[in-house]
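1. Please work out how this folds:
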Amino acid sequence: MLKKILLAFCLVMATACTIKFTFSGASIDPNMKTISVYYFQNQAITVSALLAPTFNDALNQKIQRETRLQIIPEGGDAIFEGDITDYKSEPVAISGDEYATKNRLTITVKVKYTDNLNPKNSYERTFTNYADYDSQQMLANAEGTLIPEIVEKLVQDIFNAAFSNW
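-> Now for the predicted structure:
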């Protein structure tokens, strides 16, 4: 009799608990069905025409690829909003004759993530990332490869902060 009760208890516990594993490492509340991603405007002093569309597209694609969430224009169970606040290039490696040998492109994004189902998961944070390039290369020529590289790192950090509890 005790074995039957124990077996019944184990079956009830096994069906009552749900565990979700994903390859992305995301842990999303099963009740969350929708997300709204508002357009991140480029508010930086220096503006690149590539930056805002590249960033917004990358964030949307990341969510579509690695979650089951439906992206809706507004009123989602979760919301991403914010601005691109900085875009700058500075020398980072100086040679013996005091010339820059490497420059660094840095992009900063201010993000507000609102989890309407679990407000404790919400955050407002600033994310910064960069990539270096040869100082002999003009920024206008380098940004076509640098911006996607930096944006990929930024989007990964933003995604992890929202869905992986990092």
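
2. Which helix or strand in the protein has the lowest average pLDDT?
-> Within the chain, judged by mean pLDDT, DSSP states H and E, the helix or strand with the poorest mean is helix 2-16; its value is a mean of 44.

3. Show me what secondary structure element comes after it.
-> Next along the chain after helix 2-16, taking DSSP states H and E as the criterion, comes strand 34-37.

4. Count the neighbours of N160 for me.
-> Other residues lying near N160 total 14 when counted by other Cβ atoms under 10 Å. Where you see a C-beta, it was placed from the backbone N, CA and C, and this is true even at glycine.

5. list the buried ones in the one helix or strand it maps to?
-> Assigned by DSSP H and E, N160 belongs to helix 139-163. In terms of neighbour count (16 or more other Cβ atoms under 10 Å), helix 139-163 has its buried residues at 142-143, 146-147, 150-152, 154-159, 161-163.

6. Out of those, which is nearest to N103?
-> Comparing these against N103 with Cβ to Cβ picks out A142 as the nearest, at 8.2 Å.

7. Specify the beta-bridge partners of the closest residue to the closest one other than its chain neighbours.
-> Among residues not flanking A142 along the chain, Y133 sits closest, at 4.4 Å (Cβ to Cβ, 6 or more residues apart in numbering). Per DSSP bridges, the residues bridged to Y133 are N103.
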